[in-house]
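**Q** got a sequence here, can you model it:
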Amino acid sequence: MKRLFSMAALVALAAGGAATQASAATATAALDANSAYVWRGLTFNDGFVLQPSMDVSANGFAFNVWANYDLDDYDNAVDDNEFSEVDLTGSYAFTLGKVDTSVGIIHYIFPTTDATAAGADSSTTELFAGLGYDLGAGFALSTKVYYDFDQVEDFYVTAGLGYTYGINAKTTLGLSGTVSYAGEDFAGSYAGGTDGGFFNYLLTSSVKYMITDALGVAASINYTDSMDDDVLPDEAVDTTVFGGVSLTYTF
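**A** Predicted coordinates for the structure are as follows:
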């Protein structure tokens with residue numbers, strides 16, 4: 001989830017941005033075309049994928065549906081022209097003084113059980129909580145804690161620094177860097193790691209252009225790698241450079 005353009009990467013860029021509470025419901029549909037599916041440093045497909053999503057929000061509450069469609073097969077675990085994952089996310093965002101806060105739950109569904117890195121399980125569920133702080137001048141700090149209480153029963157934590165710059169009224173540049181830390185059970189279940197510790201890092205550069213007030217197009221390039229081979233073994237990281245393009249429409 002983690003996304004040619006990576007949606008997960010764009011979210012990382014904006015993670016420190018101010019959380020706003022809308023008085024009326026808004027919906028955003030998106031379609032990402034990516035050169036690979038990389039989630040938390042793990043390569044789930046090193047070939048092309050499509051990742052559609054829909055987000056509906058109102059008064060701080062949001063519900064998101066996201067899916068991964070594999071255009072290429074991968075490593076005898078993922079077949080081409082199939083949906084290998086569907087994620088359902090419910091969240092609530094609010095502010096505590098100058099700190100933007102979010103809490104929520106993610107339910108991961110793997111329609112083809114061979115696609116899940118956590119064995120033969122067809123689904124799992126995480127709780128999460130996040131904090132963001134605007135440093136000013138386009139810089140923001142963010143951190144997020146995820147806890148899988150279903151299949152893995154362990155945690156994954158991220159901390160990041162992001163920078164956004166308005167090139168003009170319609171174009172925004174984003175740069176970000178994120179590091180993560182994972183528990184031993186998380187590392188073992190998803191990556192085959194033998195220890196807990198620093199897991200992966202992610203560097204992202206993106207540009208977004210608003211064609212109209214509702215329709216936007218974006219592109220990004222990402223670099224990720226393991227921080228400790230005992231936690232995230234190199235064999236679980238087939239793809240380190242990936243990118244993509246995205247279309248979004250808000251109504």
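
**Q** check contacts around G188.
**A** Shown in contact with G188 (CB atoms under 8 Å, 6 or more residues apart in numbering): T194. Where C-beta positions appear, they are placed from N, C-alpha and C, glycine not excepted.

**Q** any idea which element it lies in?
**A** helix 184-191 (DSSP states H and E).

**Q** for E235, which three-state class applies?
**A** Of the three states, E235 takes helix according to DSSP: H, G, I helix; E, B strand; the rest coil.

**Q** name the nearest residue to it, sequence neighbours excluded.
**A** G192 (7.5 Å; CB to CB, 6 or more residues apart in numbering).

**Q** OK, contacts around that neighbour?
**A** For G192, the contact set (CB under 8 Å, 6+ apart) comprises P233, E235, A236.

**Q** chain center to the helix holding G188: distance?
**A** 18 Å (CA atoms, centre = their mean, to the nearest Å).

**Q** sort out which residues of that helix are buried, please.
**A** Within helix 184-191, the residues scored as buried using 16 or more other CB atoms under 10 Å are D185, F186, A187, G188, S189, Y190, A191.

**Q** quick check, the fifth one in contact with Y156.
**A** Same thing as S189. No: at 10.8 Å, S189 does not count as touching Y156 under the criterion of CB atoms under 8 Å.

**Q** where does the nearest residue to T194 once chain neighbours are set aside sit: helix, strand or coil?
**A** Spatial nearest neighbour of T194, excluding adjacent residues (CB to CB, 6+ apart): D230 at 5.3 Å. Using three-state DSSP, the structure places D230 in coil.

**Q** okay, D230: pLDDT?
**A** With respect to pLDDT, D230 has a value of 98.

**Q** identify the residues contacting it.
**A** G193, T194, D195, G197.

**Q** quick one on the thing from earlier: quick check: of the contacts of G192, which lies closest to D225?
**A** A236 (11.0 Å; CB to CB).

**Q** so that closest one makes contact with A187?
**A** No: when contacts are counted by CB under 8 Å, A236 is not listed as touching A187 (9.5 Å).

**Q** list the contacts of the helix or strand harbouring I221.
**A** Assigned by DSSP H and E, I221 belongs to strand 215-226. The contact list for strand 215-226 (CB under 8 Å, 6+ apart) reads 4-6, 9-10, 38, 41, 174, 199-211, 232-234, 236-237, 240-249.
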